[in-house]
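> Sequence and predicted structure are below.
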Amino acid sequence: MANLPVELSQLSTGLAQAGQRISSGSSEFPFIKLDKGGDWVFGADAHEVTDGLWAINPNSFIEGFIAWGEGELLGEEMAPMAGTPIIGSSLPEAEGAKRGWEKQVGFHMVAISGEFTGQQVIYKVSSKGGVKAVRDIVAKVVNQINGGDADIVPVVELLSDSYKHKTYGKINVPVLSVDHWQSMNDVDTALEDEAPPAEKAPAKRRRIAG
């Protein structure tokens, strides 16, 4: 598949200059997804996101490939977008994969308002609509960097749209609607301002952790 339609060397340079104050993506955080009903949910208990804004960490954009069997993950190879890309043709044969190696992109984000303020999640997606949504966000970050803007953190509302497929019927697609932009320092400050009292924090983490 074609590379992302942006100049990723500019992304790499811009992020290096901006620093990395937001936590990078980690497998310890739950995964978030758009489910078949068009709702955003995260964690093993499928906590539904119905409000709030989420700050996407521009340092965490990743891309690569994933291979699925019959509901079974057969392989996954991911790398930072601004680094050395993974070449699909160099991967071993995905034996048993229904669709072979599929393009996958993703990032890490944190809720800065709403019910789940402070919750960090990982978003990885291989669907056509999902890949397009992530590509669009990356392109917007690069535009901010190229414009010399210090605010390179997209703060988004998690929405969805749909279209009718002639074979599969209604298909829901993710929409990452940019509400505004912030600097990395601004995100840290917002989280500090919105943080619950220290004695309540452990209970909240237990309730929403995936």
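That came through, no problem.
> where exactly do the helices run in this structure?
Under the criterion DSSP state H, helices of the chain are mapped to 8-18, 128-146, 184-194, 201-208.
> For these, which has the smallest mean pLDDT value?
Ranked by mean pLDDT, the helices of the chain bottom out at helix 201-208, with a mean of 34.
> What are the boundaries of the strands in the chain?
Listed in chain order, the strands of the chain (DSSP state E) span 31-34, 40-42, 47-48, 54-56, 62-68, 73-80, 102-111, 120-125, 153-165, 169-182.
> any idea which of those is most buried?
strand 54-56 (a mean of 25; mean count of other C-beta atoms under 10 Å). Quick note: C-beta positions are derived from backbone N, CA and C, even for glycine.
> contacts for it?
With C-beta atoms under 8 Å, 6 or more residues apart in numbering as the test, strand 54-56 has contacts from 22, 107-112, 121, 137, 153-158, 176, 182, 187, 190.
> Other residues contacting stretch 160-170?
Here stretch 160-170 makes contact (C-beta under 8 Å, 6+ apart) with 34, 38-40, 171-175.
> biggest separation within the residues you listed, which pair?
Trp40 and Ile171 (15.8 Å; C-beta to C-beta).
> so how far is Val49 from Phe31?
When distance is defined by C-beta to C-beta, to the nearest Å, Phe31 is 13 Å away from Val49.
> what residues are shared contacts of these two?
Phe42.
> and Ala46, what does it touch?
Neighbour list for Ala46: Asp35 [criterion: C-beta under 8 Å, 6+ apart].
> contacting residues around Val178?
For Val178, the contact set (C-beta under 8 Å, 6+ apart) comprises 137, 140, 154-156.
> mind putting those residues in a markdown table, distance to Gly100 included?
Formatted as a markdown table, these follow (distance: C-beta to C-beta, whole Å):
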| residue | distance to Gly100 |
| --- | --- |
| Ile137 | 26 |
| Lys140 | 30 |
| Pro154 | 32 |
| Val155 | 36 |
| Val156 | 31 |
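> Now for Val49, how many residues are close by?
For Val49, the neighbour count with other C-beta atoms under 10 Å is 20.
> need the contact list for the residue nearest to it when sequence neighbours are not counted.
Closest residue to Val49 apart from its sequence neighbours, by C-beta to C-beta, 6 or more residues apart in numbering: Trp40 at 4.2 Å. Residues in contact with Trp40 (C-beta under 8 Å, 6+ apart) are 32-34, 48-49, 158, 160, 174.
> Show me the beta-bridge partners of Trp40.
Under the criterion DSSP bridges, Trp40 forms beta bridges with Leu34.
> for Ile66, same thing?
Note on Ile66: beta-bridge partners by DSSP bridges are Glu76, Glu102.
> Hmm, it is touching Arg99, no?
No - applying C-beta atoms under 8 Å, one finds Ile66 not in contact with Arg99, separated by 9.8 Å.
> Leaving out the residues flanking it, which one is nearest to Met81?
Among residues not flanking Met81 along the chain, Phe61 sits closest, at 4.2 Å (C-beta to C-beta, 6+ apart).
> got a pLDDT number for that neighbour?
93.
> Excluding chain neighbours, give the residue nearest to Val131 in space.
Val105 (5.4 Å).
> any idea how far Val175 is from the one you found?
Distance from Val105 to Val175, counting by C-beta to C-beta: 15 Å.
> One more: Pro85?
Distance of Pro85 to Val175, given as C-beta to C-beta: 26 Å.
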